[in-house]
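Engineer: structural data only, the sequence is not supplied:
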Ligand SMILES: *Cc1c(COP(=O)(O)O)cnc(C)c1O
């Protein structure tokens, strides 16, 4: 796989779903990838990236922003509250808002800074005990709490359970977003982004299918 292949598959899935071209943002997930692979994708014109670790992103992206100009970097990994300040300075979007303590911290930072990254609430659609995210039945109340703090979440994000058909999870997330007046849907990865586009994804997060397998240190 490569960036042009994934762009072609994205456009084909958008067309097959009868959706408007340009309504799905491809986030190239560059976590733990060798620098040369990320540079190659930057040189092919990709400008939106996803990272999982604040420290790693802080080491890479400020320099590449200087070299390549405006870039969108999205935080898609779990965010510790004590890293929230660094995260809002570094990222254009945070996909993993999943608890009140983090919302409170982000709301305070937004007030001080006068600006806030685009926020997605992570929903644990499979109600898996080990997985991050707000439980589906707790979403509406959590969203009300966020809005009461003057946070304006843009959308929802999910990572479906590994061994199950992802489509019902994507459809559930889309229904929850529609019910709550949210327009963003961050869903779909290398193995299932076409199904996510069928279900209405606005942001797909694709790593290994663009960059190759990750070699964790
Ligand atoms: C790593 C990661 C991805 C990308 O996964 P691939 O299977 O390599 O496409 C997407 N979303 C999240 C939340 C991730 O942590």
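Structural biologist: Here it is on my side, so go on. Predicted, not measured: the structure shown is a model, and the values here were computed from it.
Engineer: please enumerate the strands of the protein.
Structural biologist: 25-29, 48-51, 72-75, 93-97, 118-122, 155-157, 184-186, 203-206 (DSSP state E).
Engineer: who touches the second one?
Structural biologist: Counting by Cβ atoms under 8 Å, 6 or more residues apart in numbering, strand 48-51 makes contact with 25-31, 38, 57, 60-61, 71-77, 91, 95, 205, 207, all of which sit outside it. Yep, even glycine has a C-beta here, placed from its N, CA and C like the rest.
Engineer: Provide the strand pairings for it, with the direction of each partner.
Structural biologist: According to DSSP bridges, strand 48-51 forms sheet pairs with strand 25-29 (parallel), strand 72-75 (parallel).
Engineer: make JSON lines out of those and add distance to the ligand and mean pLDDT.
Structural biologist: As requested, the strands paired with strand 48-51 are exported to JSON lines (distance: least, Cβ to the nearest ligand atom, whole Å; pLDDT from 0 to 100):
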{"stretch": "strand 25-29", "distance to the ligand": "4", "mean pLDDT": "98"}
{"stretch": "strand 72-75", "distance to the ligand": "10", "mean pLDDT": "98"}
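Engineer: if we can go back for a sec, which ChimeraX command selects the buried ones in the contacts of strand 48-51?
Structural biologist: Here is the ChimeraX command that picks out the buried ones among those, judged by 16 or more other Cβ atoms under 10 Å:
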select :25,26,27,28,29,30,31,38,57,60,61,73,74,75,76,77,91,95,205,207
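Engineer: which ones are touching the nearest residue to residue 161 once chain neighbours are set aside?
Structural biologist: Spatial nearest neighbour of residue 161, chain neighbours left out: residue 126 (3.8 Å); criterion: Cβ to Cβ, 6 or more residues apart in numbering. Shown in contact with residue 126 (Cβ under 8 Å, 6+ apart): 160, 161, 164, 169.
Engineer: what does residue 144 give?
Structural biologist: Contacts of residue 144 (Cβ under 8 Å, 6+ apart): none.
Engineer: pLDDT wise, what is it at?
Structural biologist: pLDDT for residue 144: 97.
Engineer: okay, now residue 209: neighbour count?
Structural biologist: 18 (other Cβ atoms under 10 Å).
Engineer: how about it: what's its closest non-neighbour residue?
Structural biologist: residue 190 (3.7 Å).
Engineer: and that neighbour, its phi and psi?
Structural biologist: When read as degrees, to the nearest 10, the backbone of residue 190 gives phi -50, psi -40.
Engineer: that one reaches residue 206, doesn't it?
Structural biologist: Yes. Using Cβ atoms under 8 Å, residue 190 makes contact with residue 206 at a distance of 5.3 Å.
Engineer: which of the two has more neighbours?
Structural biologist: residue 206 (22 against 16).
Engineer: ok, now which ones touch the more buried one?
Structural biologist: 6, 26, 27, 28, 29, 188, 189, 190, 193.
Engineer: cool, residue 179 as well?
Structural biologist: Here residue 179 is in contact with residue 140 (Cβ under 8 Å, 6+ apart).
Engineer: so where's this protein shaky on pLDDT?
Structural biologist: Counting by pLDDT under 70, the ranges of the chain that qualify are 1, 216-217.
Engineer: burial count for residue 35?
Structural biologist: As a burial measure, residue 35 scores 10 neighbours (other Cβ under 10 Å).
Engineer: all set, thanks.
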